[in-house]
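K.L.:
output the structure for:
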Amino acid sequence: MTIIHPPEVVKNSSETPLMLITGPSGAGRTTALNALEDLGYEAIDNLPLRLVSALVETAGVDRPMALGLDPRNRDFSTSALLDVIDKLALKGEIAFTVLYLDTDPEVLLRRYSETRRRHPMAPAESPEVGVRREMGLMHDIRERADMVIDTSELNVHQLKAEIERFFAPKGYDLGLSVHSFSYKRGVPRNVDMVFDCRFLANPYWVKDLRSLDGRDKKVQDYVFTDERFEVFFEKVVDLMQMLLPAYRDEGKTHVSVAFGCTGGQHRSVTLAETLAKTLADSGQAVSIRHRELRSQQ
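P.N.:
Model prediction:
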């Protein structure tokens, strides 16, 4: 369940340079901050309240900033946070939104039970005492929030999707990196997908092409002449066009694809360059890394 209060404050990230995020412990503040950071915000967690005004005044907000205000901080109090909100409102120079993450007390108790952690507001007492104490502390702050998201029935992926829905209504770019490599040196670590293109015609065996690499049009044209190239490449593109939106919906922010060949100079480089250009032309954010080419290292 999501509550918007009032609805006119919902903005995209370019219109909301400063976001103050608070709420009871266990409601999902860290998840929300991570989601905003993925959307281009500079995210700072556990900032003492006494530093908020100084940070805004000295550093300014030249790009969207999200500040996580933790009830566990020693200088946190209802009146202190409300005072920060009032001071920012009086300045009127910076548009800001107070985002409050709310959760049903029973859900908070269950979460603490599952993690077996002590409640920060009652380290020597039961979690029930801590939840009740914190809810009382946060009541007036909740009433002043511009936006309230109830996370009681949301998992981390759903909460991230909610943040994206409100603060990136046009979506955000899923980062894609395309790699080329030589199987002689092993498959790169931490790549999501690997394609073996050693079945394609090898320019290495063409004397005039051996010293070149897959960034050269002559090498690319040679690889393209292999009758298996077009079918293979079309299937790879189709797979990417199907998977990238699915990965984004699942909450991934980056996907890496690698092409491997024998030497990592010709076929894999050609495939990486061609795929990167094809997807970039369709609007996808793409970076390229050719592991075996010295000029790229």
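
K.L.:
now the strands: where do they sit in the stretch 1-150 of the chain?
P.N.:
2-4, 18-22, 42-44, 65-68, 96-102, 147-150 (DSSP state E, counting those that start in this stretch).

K.L.:
now the nearest residue to residue 247 once chain neighbours are set aside, what's its secondary structure?
P.N.:
Using Cβ to Cβ, 6 or more residues apart in numbering and skipping residues adjacent in sequence, the residue nearest residue 247 is residue 255, 5.4 Å away. (Glycine included, C-beta is placed from N, CA and C.) Here residue 255 is recorded as strand under DSSP: H, G, I helix; E, B strand; the rest coil.

K.L.:
make 426 the first number, not 1, from now on.
P.N.:
Sounds good: first residue 426 from here, last item residue 680.

K.L.:
what sits against residue 680?
P.N.:
Residues counted as contacts of residue 680 (Cβ atoms under 8 Å, 6 or more residues apart in numbering) are 599, 600, 601, 602, 617, 618, 668, 669, 672.

K.L.:
again, only using 7 Å
P.N.:
599, 601, 617, 669, 672 (Cβ atoms under 7 Å, 6 or more residues apart in numbering).

K.L.:
pLDDT wise, what is the closest residue to the first one other than its chain neighbours at?
P.N.:
Spelled out, it's residue 599. Of all residues not flanking residue 599 in the chain, residue 673 sits nearest, at 4.5 Å (Cβ to Cβ, 6+ apart). In this prediction, residue 673 carries a pLDDT score of 81.

K.L.:
for residue 673, give its distance to residue 452.
P.N.:
25 Å (Cβ to Cβ, to the nearest Å).

K.L.:
ditto for residue 494
P.N.:
12 Å.

K.L.:
circling back to that earlier point, by neighbours, which of the contacts of residue 680 wins?
P.N.:
Greatest neighbour count in these, by other Cβ atoms under 10 Å, goes to residue 601: 22 neighbours.

K.L.:
correct me, but that one touches residue 708?
P.N.:
No - assessed by Cβ atoms under 7 Å, residue 601 is found out of contact with residue 708, at 11.3 Å.

K.L.:
counting neighbours, go ahead and name the busier of residue 494 and residue 452.
P.N.:
Using other Cβ under 10 Å, the more surrounded residue of residue 494 and residue 452 is residue 452, with 27 against 23.

K.L.:
didn't that one look like it was pressed against residue 529?
P.N.:
No - applying Cβ under 7 Å, one finds residue 452 not in contact with residue 529, separated by 9.9 Å.

K.L.:
buried set for stretch 677-690?
P.N.:
Across stretch 677-690, burial judged by 16 or more other Cβ atoms under 10 Å covers 678, 680, 681, 682, 683, 684, 685, 686, 688, 689, 690.
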